[in-house]
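*Asks:* quick check, what structure comes out for this input:
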Amino acid sequence: MRSVFQGRLQRLPYIATLSVFTGPSPTPSLLNPASTPAQDVYHLSLFVMAICGAIFVVVFSLIVYAAIKFRRKPGDDTREPPQIYGSNQVELAWTVIPILIVVVLFLAAARVIHAVEDAQLPQNATEVTVIGHQFWWEFRYPGYGFVTANELHVPVSDSSHPSPTHLTLLSADVDHSFWVPQLAGKTDLIPNRKNEMWIAPHDVGHYVGQCAQYCGVEHAKMLINVYVDTPQEFQRWVQEQEAPAVMSEQAAAGRKVFETNACMNCHTIRGTSANGKFGPDLTHLMSRATIASGAAPNTEANLLQWVEDPDAIKPGSLMPAMQLDDQDLHALVKYLMTLH
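*Replies:* So this is what the prediction gives:
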């Protein structure tokens, strides 16, 4: 089965910009696939569009022909012409042809669904558990034993040595949907149900997606950032994520603020007493380019505003304002800035 999977890789040669980064931003598009499942869906869509286009051309041509040939001319009898009822040939044609078209489309779609859903992944596939929350993403790497949030890192898949990523999709609250159009079709995350999908990115880079199932007031700001790394870059990132948070003596006051307020009830920082599960793991917060699931760049100014008043960045966020005085607020943010 591995050779079949490898052969499929070798065979394959939003609407809106969702990124919040300054500088060049990725432009997700269904028409620019960068992963095996996305290419299968793309080729299927081209086939369906070709058939639909042919139907449109035939029907529209017949309408134009009938409108021109049988238009009323000066001197024509205005009475309704004789009506002809019953034509076995015509009725057979408009019954059989649509059935054949539907059968062809069904078989083409079934082939792609089977190829994607029943693909046997190689043993070196990277395993990631994706958990959807209101309104952020949790990414667990069971093979490495660490948890991160909102920014998914995966290795690039070389066509000669396929290394896909298998995603197990779970929900912590309501229905969500994981959709990065350049990497794969969307798959729902449903409470009390395990869904699965896989991606095999062909090129390194940054790919942007979105929760595609309305999940509450901040659904539109529940972005997905996927970073496809070279194998060496991915292993380096994994080693950094596996390490505990580096504690700075200069930020000790901020750590005390973190551990004596409600922060530690919701968040985890490995190496500290904070082990909350309701909010994102902050162990390596500053390794992420954004905060609030892509709602704002990860800068000191934005962190200050996020901690002081989350609704200013993400109205409807479930994170409460911490009600800290200026001294504690700046000490806490200084501490968070050390979490690389």
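
*Asks:* residue ranges for the helices of this structure, please.
*Replies:* 2-11, 36-69, 88-117, 231-242, 252-259, 263-266, 300-308, 326-336 (DSSP state H).

*Asks:* closest to residue 212 out of those?
*Replies:* Ranking the helices of the chain by proximity to residue 212 (Cβ to Cβ) places helix 36-69 first, at 13.9 Å. (Glycine included, C-beta is placed from N, CA and C.)

*Asks:* how is this structure carved up into domains?
*Replies:* Domain assignment of the chain by automatic domain parsing yields the ranges 1-242, 249-336.

*Asks:* out of the helices of the chain, flag the one nearest residue 292.
*Replies:* Among the helices of the chain, the nearest to residue 292 by Cβ to Cβ is helix 300-308 (6.2 Å).

*Asks:* tell me the angle that closest one makes with helix 326-336.
*Replies:* 120 degrees (axes from the mean of the first three to the mean of the last three Cα atoms, to 10 degrees).

*Asks:* who are the packing partners of helix 300-308?
*Replies:* Helix 300-308 makes packing contacts with strand 290-291, helix 326-336 when contacts are defined by 3 or more Cβ pairs under 8 Å, 6 or more residues apart in numbering; DSSP states H and E.

*Asks:* just the buried positions in the longest one, please.
*Replies:* Yep, that's helix 326-336 we're talking about. Buried residues in helix 326-336, counted by 16 or more other Cβ atoms under 10 Å: 328, 329, 330, 331, 332, 333, 334, 335, 336.

*Asks:* then stretch 294-308?
*Replies:* Neighbour-count burial for stretch 294-308 [16+ other Cβ under 10 Å]: 294, 295, 296, 298, 302, 303, 304, 305, 306, 307, 308.

*Asks:* centroid-wise, who is the farthest residue in this structure?
*Replies:* For the chain, the largest distance from the centre (Cα atoms, centre = their mean) belongs to residue 75, which lies 64.2 Å off.

*Asks:* what sits against residue 124?
*Replies:* When contacts are counted by Cβ atoms under 8 Å, 6 or more residues apart in numbering, residue 124 touches residue 163.

*Asks:* how much space between residue 328 and residue 307?
*Replies:* 10 Å (Cβ to Cβ, to the nearest Å).

*Asks:* that older thread, closest one to residue 230 among the helices and strands packed on helix 300-308?
*Replies:* Residue 230 lies closest to strand 290-291 among these, at 21.9 Å (Cβ to Cβ).

*Asks:* so in that sheet, which strands flank that closest one, and in what orientation?
*Replies:* As defined by DSSP bridges, the strand partners of strand 290-291 come to strand 296-297 (antiparallel).

*Asks:* okay, the helices of the chain in CSV with mean pLDDT and distance to residue 287 next?
*Replies:* Converted to CSV, these look like this (pLDDT from 0 to 100; distance: least, Cβ to Cβ, whole Å):
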stretch, mean pLDDT, distance to residue 287
helix 2-11, 41, 30
helix 36-69, 95, 27
helix 88-117, 94, 31
helix 231-242, 96, 7
helix 252-259, 92, 18
helix 263-266, 91, 19
helix 300-308, 94, 14
helix 326-336, 93, 12
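
*Asks:* residue 177 is nearest to which of those?
*Replies:* Closest to residue 177 of the helices of the chain, according to Cβ to Cβ: helix 36-69, at 15.0 Å.

*Asks:* tell me what that closest one is packed against?
*Replies:* On a contact count with 3+ Cβ pairs under 8 Å, 6+ apart, helix 36-69 meets helix 88-117, strand 195-199.
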